[in-house]
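# from the sequence below, what's the structure:
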Amino acid sequence: MTDISQSLATRAGVLRLLAHVLRDGRMLGDGASGLDGAAAARALRLAGLTLRHMGRADALLAGRMQRQPATRVRDILRLALTEVFEDGAAPHGVVNDAVALARMSPRTAKQAGLVNAVLRGLVDDRAAWDALPPPSLPPWLRKPLAKAWTRPRLEAIEAAHLRGAPLDLTPKPGVTVDGAEVLPTGTLRLPGGQVSALPGYSEGDWWVQDAAAALPVRLLGEVRGLRVLDLCAAPGGKTMQLAAAGAKVTALDVSARRLERVAQNLARTGLEAEIVEADALDWAPDAAFDAVLLDAPCTATGTIRRHPDLPHLRDARDVEALTALQYRLIDRALTFARPGAPVVFCTCSLLPVEGEHQVTAALGRHPGLTAEAPEPADFGLPPLAVSPHGLRLLPDLWAERGGIDGFYMAVLRTPA
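This next block holds a predicted model:
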């Protein structure tokens, strides 16, 4: 296979991935078929990059076309502009392959000339691309965020989404990785790289976990020797944290497939936990736990900088269903803890309705329930992380260090 045919195959794979997300409404990672190895990895990376910059590409294209082209042609143009301006690809090769991609389908062959003309008029205009603002979040998400965090903060969040995310690792105690920055939270941060090729991967010295996601376990304090329940545990980052800290962990999740990931991660790291497949709303333990961690299902909007497909897959209806589930899971989690034991509730959401509002509501319906407000400085966080009853992290925090995922977390306690 020639280099050109390989590049065409990869770029055709990107187009399939974009259609998988934008037309089929499915997650990006579920659509990597027809390619393998390095080609699949490159296609996934380019598809994510195109989704991240799609709004900017559309804005640039709007000034060159009087009407929208065919859907596939629009995606070809989006991909080409993203490759040139964000991936550093040579314009000549990108334009040639874009034209070839248009010609590959009878539905778009007649627009190959349009693709050629539009791209040749844009690929040298770096200044126009750089002047474009970050893409706006969809209205269902942007409106409540602007109300909650103010317009300037929202724009800072959108800018953080555009920058993407570095690679964060949670190490076992005492483990270091050459070249990694040690964040104030203890997370090891690298600019990126192939995970399985990093030193310590095969030894199970660490696991991939955003700095924000690693904080809820730390809110529990010393857990050595304690019985700790990790609810909605998959894929197991917090389970491994707890096990590495010496806790006796029960990892519960409703999905057998996702629990396989937990088991695989535990095996790689040489850590142990009891794995339970069950619905937390129906399950009953033999005895109360010394601590409970509930990372509740949510819109995952706090992870958009890592998953640019999410804004295209969620809508306001998801928020309503998920907040109802969170309400029920909080009530259930409180029954699993012995009196006075900590119950950490957290969500990787940007929306207060999936965070602060949930805790406020729980305090109102459970007499005697208290919420501890952790001190941000204790975890190396700025005062901006203070939020009602807990910690609120948004992607614009630590911008100079590469940002952090959006998360809310709080420590609840029933009367002792």
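# these two touch, right, S349 and A296?
No - contact criterion CB atoms under 8 Å: S349 and A296 do not qualify, at 9.1 Å. Heads up, the C-betas are built off the backbone N, CA and C, glycines and all.
# tell me the phi and psi of V276?
phi -130, psi 120 (degrees, to the nearest 10).
# what is the neighbour count of it?
By other CB atoms under 10 Å, the residues close to V276 number 18.
# and the one 4 residues further on, by the same measure?
A count of neighbours around A280, defined by other CB under 10 Å, yields 20.
# also P388?
16.
# ditto for the one 3 residues further on
Other residues lying near L391 total 25 when counted by other CB under 10 Å.
# part of a strand, is it?
Yes - looking at L391 with DSSP: H, G, I helix; E, B strand; the rest coil, it is inside a strand.
# that one contacts L215, doesn't it?
Yes - counting by CB under 8 Å, L391 touches L215, with 7.0 Å between them.
# what residues are shared contacts of the two?
Taking CB atoms under 8 Å, 6 or more residues apart in numbering as the criterion, L391 and L215 both touch F379, F407, M409.
# just the strands from the stretch 201-350 of the chain, written as ranges.
206-208, 227-231, 248-253, 274-277, 291-295, 342-347 (DSSP state E, counting those that start in this stretch).
# angle of the second one against strand 291-295?
Which is strand 227-231. Following axes from the mean of the first three to the mean of the last three CA atoms, to 10 degrees, one obtains 10 degrees for the angle between strand 227-231 and strand 291-295.
# quick one: buried residues of the helix ranked longest in the chain?
Across the chain, the longest stretch assigned as helix under DSSP state H is helix 37-62. Neighbour counts over helix 37-62 (16 or more other CB atoms under 10 Å) mark 39-40, 42-44, 46-58, 60-61 as buried.
# do the same with stretch 273-282
Neighbour-count burial for stretch 273-282, counted by 16+ other CB under 10 Å, picks out A273, I275, V276, A280.
# show me what contacts the second one?
Same thing as I275. Taking CB under 8 Å, 6+ apart, we find I275 in contact with A251, L259, V262, A263, L266.
# ok, 6 Å please
Applying CB atoms under 6 Å, 6 or more residues apart in numbering to I275 gives the contacts A251, L259.
# helices of the stretch 51-200 of the chain, residue ranges please.
71-86, 91-103, 112-120, 126-130, 139-149, 151-163 (DSSP state H, counting those that start in this stretch).
# could you export these as CSV, including mean pLDDT, mean neighbour count and distance to G403?
Listed next are the helices of the stretch 51-200 of the chain as CSV, based on pLDDT from 0 to 100; neighbours: other CB atoms under 10 Å; distance: least, CB to CB, whole Å:
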stretch, mean pLDDT, mean neighbour count, distance to G403
helix 71-86, 97, 23, 17
helix 91-103, 96, 19, 29
helix 112-120, 96, 18, 31
helix 126-130, 96, 12, 20
helix 139-149, 95, 16, 15
helix 151-163, 95, 18, 5
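# could you dump those helices into TSV with distance to Q358 added?
TSV is the format used below for those (distance: least, CB to CB, whole Å):
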stretch	distance to Q358
helix 71-86	37
helix 91-103	46
helix 112-120	47
helix 126-130	40
helix 139-149	14
helix 151-163	20
